[in-house]
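Engineer: Fold the following, please.
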Amino acid sequence: MIFKEIKKDSTWVEVDYMATWKYGYDFILDAVQVLIDMDFRDNTQKAATFFIAGAPDKDHIEELRESNLKVRECPVFQKECGGISIAGSSSFMEVLFQICFFNQTNVIKLFCPVKEYFEKNGDRVFDNYLNSIEIKAYCADTERRVREELKPKLKKIKTT
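Structural biologist: Predicted structure coming up:
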């Protein structure tokens, strides 16, 4: 991820990043799943969709919980949208934050309600964390796509 800028108001902090490559909806689903599995598992507080940047989002945390926190198995996330935001209390970073992924872009925004966290740890405290999420999500995305491509070939081999 590429750090772009940080904006601080009286309490909230917004940190703008760009993914290394432009991404699509499948990558967003994988990135959200990585965040849940690797960090937010017990502390996911919000999982919302939005259709255009700046539009109000709609929280679907209850539907996601009904799907056992499996994003791809949750019907509401199976319909492509403009973006997904996920929030929770991070066990790694030890702070509450929200990340927004914007579909068909490489824009990622992180929001944190604890301005003091950045004053104590520096403006770029999330750089390595987000790099890890991006790498893990690209790995998951690639693995999923390769499995889908191999499925018909493996099926053909089994029937011969």
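Engineer: Please enumerate the strands of the protein.
Structural biologist: 2-8, 13-23, 44-50, 58-59, 83-89, 96-102, 105-112 (DSSP state E).
Engineer: For those, give me TSV that also has mean neighbour count, mean pLDDT and distance to Asp127.
Structural biologist: From N, CA and C alone the C-beta is placed, and that goes for glycine too. Below are those laid out as TSV (neighbours: other CB atoms under 10 Å; pLDDT from 0 to 100; distance: least, CB to CB, whole Å):
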stretch	mean neighbour count	mean pLDDT	distance to Asp127
strand 2-8	13	95	6
strand 13-23	17	94	8
strand 44-50	19	95	23
strand 58-59	12	94	28
strand 83-89	21	96	19
strand 96-102	20	96	14
strand 105-112	19	95	11
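Engineer: out of these, nearest to Ile135?
Structural biologist: strand 13-23 (9.1 Å; CB to CB).
Engineer: other SSEs contacting the closest one?
Structural biologist: strand 2-8, strand 105-112, helix 115-121, helix 127-159 (3 or more CB pairs under 8 Å, 6 or more residues apart in numbering; DSSP states H and E).
Engineer: Please name the strands paired to the first one in the sheet, noting orientation.
Structural biologist: Think strand 2-8. Strand pairing for strand 2-8, using DSSP bridges, gives strand 13-23 (antiparallel).
Engineer: got the angle between the partner strand and helix 127-159?
Structural biologist: Per axes from the mean of the first three to the mean of the last three CA atoms, to 10 degrees, the angle that strand 13-23 makes with helix 127-159 is 30 degrees.
Engineer: Figure out how far strand 13-23 is from the centre of its chain.
Structural biologist: Relative to the chain's own centre, strand 13-23 is displaced by 11 Å; criterion: CA atoms, centre = their mean, to the nearest Å.
Engineer: What of stretch 152-160?
Structural biologist: The answer for stretch 152-160 is 35 Å, by CA atoms, centre = their mean.
Engineer: so which of the helices and strands packed on strand 13-23 gets nearest Arg72?
Structural biologist: Among these, if distance is taken as CB to CB, the winner is helix 127-159, at 8.7 Å.
Engineer: buried residues in the closest one?
Structural biologist: For helix 127-159, burial by neighbour count (16 or more other CB atoms under 10 Å) applies to Tyr129, Leu130, Ile133, Glu134, Lys136, Ala137, Tyr138, Ala140, Asp141.
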